[in-house]
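Student: Just the structure for this:
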Amino acid sequence: MRVYYFSRQRLWRGFWLAVLSFSLLAWGYWYNQSLQALPAASLPIYQGSGREKEVALTVNVFWGEEYLPQMLSILEKERVKATFFIGGQWAEQFPALTRTIYKKGHEIGSHGYAHPHPDQLTVSDNLQDIRRAEEILVKITGERPRLFAPPYGEHGQPVLQAASEAGYRTILWSVDTVDWQRPEARVIIERVLGKVHNGAIILMHPTAPTVEALPVIIKELKSRGYRLVTVSQLLNHLESKP
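Tutor: Okay, the predicted model is just below:
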């Protein structure tokens, strides 16, 4: 009787694993089909051209304001311009700091307004979140952002469609520091330098270990012959390739 019960357990476990596998395959097929229905310009950008020895540093900002002045100081000292994806709600709280980032010549992109899970929103709700952030960023900087980094990197069809309808390119990344977990600075350095490649988009956040790691990362990237540019500069080379 015990053997029979154990076998039945294994049978049910196998059945549910099969159901789960089929569901994942079905979801993957549906997701790929939904992306294929979108115009090419709506698809997310993960990196620039592999032909160019250049990389872009990006900083998603929805917290960590206490570390931004140090990051800006390091970037200024190293003569590097980065792309800051700023959340509208955060910019409302820190308009002076947002303006400082812009006036120092860094590129400002949108990180949406309220940092929701965009994959859980409709196209209309995503549009509303993006446009609300845009209104705030334009008011502070006087310039409309053209790049959008979706919160949590979520990029389902409603997110991409909304960003495209609002006139944005959706930007993701090819090198993730995972610095929001606040590992030691050496871990962040290893993650970047171990995975960097031509056209890399490097994702960072304003944290204490990121501040510590940043000058080391910049100096080593330069020593390897990389040019550090903004995301828009990466896209220029990507879109002008033969």
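
Student: How is this protein divided into domains?
Tutor: Annotated domains of the chain cover 1-37, 42-239 [automatic domain parsing].

Student: export these to JSON lines and tack on mean pLDDT?
Tutor: Converted to JSON lines, those look like this (pLDDT from 0 to 100):
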{"stretch": "domain 1-37", "mean pLDDT": "53"}
{"stretch": "domain 42-239", "mean pLDDT": "97"}
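
Student: State the distance from residue 72 to residue 102.
Tutor: 11 Å (Cβ to Cβ, to the nearest Å). C-beta: built from backbone N, CA, C; applies to glycine.

Student: quick check: longest strand of this structure.
Tutor: For the chain, the strand that runs over the most residues, judged by DSSP state E, is strand 54-61.

Student: And the next helix or strand past it?
Tutor: Following strand 54-61 in sequence order, the next helix or strand is helix 68-77 (DSSP states H and E).

Student: the helices in this protein, which residues?
Tutor: Using DSSP state H, the helices of the chain run over 2-36, 68-77, 88-93, 95-103, 123-141, 157-165, 185-195, 208-223, 231-239.

Student: what's the most buried one of those?
Tutor: Comparing those on average neighbours per residue, with mean count of other Cβ atoms under 10 Å, the densest one is helix 157-165 at a mean of 22.

Student: just checking, what packs against that helix?
Tutor: Here helix 157-165 touches helix 2-36, helix 123-141, strand 169-170, going by 3 or more Cβ pairs under 8 Å, 6 or more residues apart in numbering; DSSP states H and E.

Student: State the distance from the nearest residue to residue 68 once chain neighbours are set aside to residue 60.
Tutor: Excluding the flanking residues, the one nearest residue 68 by Cβ to Cβ, 6 or more residues apart in numbering is residue 206, at 5.0 Å. Separation of residue 206 from residue 60 (Cβ to Cβ): 9 Å.

Student: about what we covered before: for the helices of the chain, which one sits closest to residue 48?
Tutor: Closest approach to residue 48 among these (Cβ to Cβ): helix 231-239, 3.2 Å.

Student: List the contacts of the residue most central in space within the chain.
Tutor: By Cα atoms, centre = their mean, the chain has its centre lying nearest to residue 172, at 4.0 Å. Residue 172 makes contact with 44-46, 149, 153, 155, 201, according to Cβ atoms under 8 Å, 6 or more residues apart in numbering.

Student: Residue 135 versus that one, what's the distance?
Tutor: From residue 172 to residue 135 the distance is 24 Å (Cβ to Cβ).

Student: And residue 59, by the same measure?
Tutor: Residue 59 is 22 Å from residue 135, by Cβ to Cβ.

Student: Then residue 120?
Tutor: 23 Å.

Student: Kindly report the same for residue 176.
Tutor: On the measure of Cβ to Cβ, residue 176 and residue 135 end up 30 Å apart.

Student: what's the answer for residue 113, then?
Tutor: Distance, residue 113 to residue 135, by Cβ to Cβ: 9 Å.

Student: Overlap of the contact sets of the two?
Tutor: residue 88.

Student: Please identify which two of the contacts of residue 172 are farthest apart in space.
Tutor: Top of the distance list for these (Cβ to Cβ): 155 and 201, 13.7 Å.

Student: neighbouring contacts of stretch 41-56?
Tutor: In contact with stretch 41-56 (Cβ under 8 Å, 6+ apart) are residues 35, 82-83, 155, 160-161, 163-164, 169-175, 196-202, 221, 225-231, 233-235, 237-238, 241.
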